[in-house]
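Peer 1: Model the following, please.
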Amino acid sequence: MEPDAGRPVGTFRRTANRCPMGWTRAGGGGRLRHVAGTVRLEPVDERNLEPLLSVAAAEAEPGDVMPPVEAPAGWSHARREAFREFHRASFGGLHGPTGTRMYAILAGGEVVGVIRMAHRDEPGTVETGMWLGRSARGQGIGAAALRELLNEAAAAGMRLVVAETTTDNHGAVSVLEKCGAKLREDGGKVHAEICLDSTLPAP
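Peer 2: Numbers count the residues shown, from 1 in each chain. Purely as a prediction, here's the structure:
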């Protein structure tokens, strides 16, 4: 999620019948630039899909931002097409075929990553995960994006937001804590729950 200096905020992971996506770590390559300005979310659509792909290709590893595909290593043409199709599949939002709403994260008007929420089997519950480009990590953008996502989830009638990361992804754990998550460790995994009936901690 929100990075330590120099490690990805989330990773994608496959889950049955759900959009795969977890938290990238803050890492790899370090910070390239300072990203300033208000953080807001926009549903991923054709208008922001190409800027999003550009950020992913320049500032993230494929495995951090999309499910595995049979393609040459790196950001090959086939992998770029798979990235587009993966995100287009969720254009229908929570009531679409994937039951997932993807949001582009914008900071100061620039696309810097993605956060999503996906229906869980439990009524009123969605799962979230995000990734940020390297240059946007370690600047508080992850926590701001998650707060915006919680507002979107509440507006959609959700009561609980859950997430999963690993114990060594300190940036993700920090972001979840800042947003009032109740954390539970299980082996090397961290399970998080944020009750939307509760008052969120002040930023």
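
Peer 1: Same question for stretch 189-200: list its buried residues.
Peer 2: Buried residues in stretch 189-200, counting neighbours by 16 or more other CB atoms under 10 Å, are found at Val190, Ala192, Ile194, Leu196, Leu200. All C-beta spots, glycine's among them, are computed from the backbone N, C-alpha and C.

Peer 1: First residue to last residue on stretch 41-51, what's the distance there?
Peer 2: End-to-end distance for stretch 41-51, by CA to CA, to the nearest Å: 14 Å.

Peer 1: same deal with stretch 69-81?
Peer 2: End-to-end span of stretch 69-81 (CA to CA): 10 Å.

Peer 1: if you average pLDDT over that stretch, what comes out?
Peer 2: Stretch 69-81 shows a mean pLDDT of 93.

Peer 1: quick one: the strands in this protein?
Peer 2: 39-43, 100-107, 110-119, 125-132, 160-166, 182-186, 189-195 (DSSP state E).

Peer 1: Can I get the second one in PDB, CA atoms only?
Peer 2: In this case it means strand 100-107. Extracted C-alpha coordinates of strand 100-107, given in PDB (Å, rounded to 0.1, in the frame of the first residue of the first chain):
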ATOM      1  CA  THR A 100     -15.300  -4.500  -9.100                       C
ATOM      2  CA  ARG A 101     -14.900  -0.800  -9.300                       C
ATOM      3  CA  MET A 102     -11.500   0.500 -10.300                       C
ATOM      4  CA  TYR A 103     -10.500   4.100  -9.600                       C
ATOM      5  CA  ALA A 104      -7.500   6.000 -11.000                       C
ATOM      6  CA  ILE A 105      -5.700   7.800  -8.200                       C
ATOM      7  CA  LEU A 106      -5.000  11.400  -9.200                       C
ATOM      8  CA  ALA A 107      -2.600  13.700  -7.200                       C
END
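
Peer 1: what packs against that strand?
Peer 2: Using 3 or more CB pairs under 8 Å, 6 or more residues apart in numbering; DSSP states H and E, the elements in contact with strand 100-107 are strand 39-43, helix 46-59, strand 110-119, helix 141-155.
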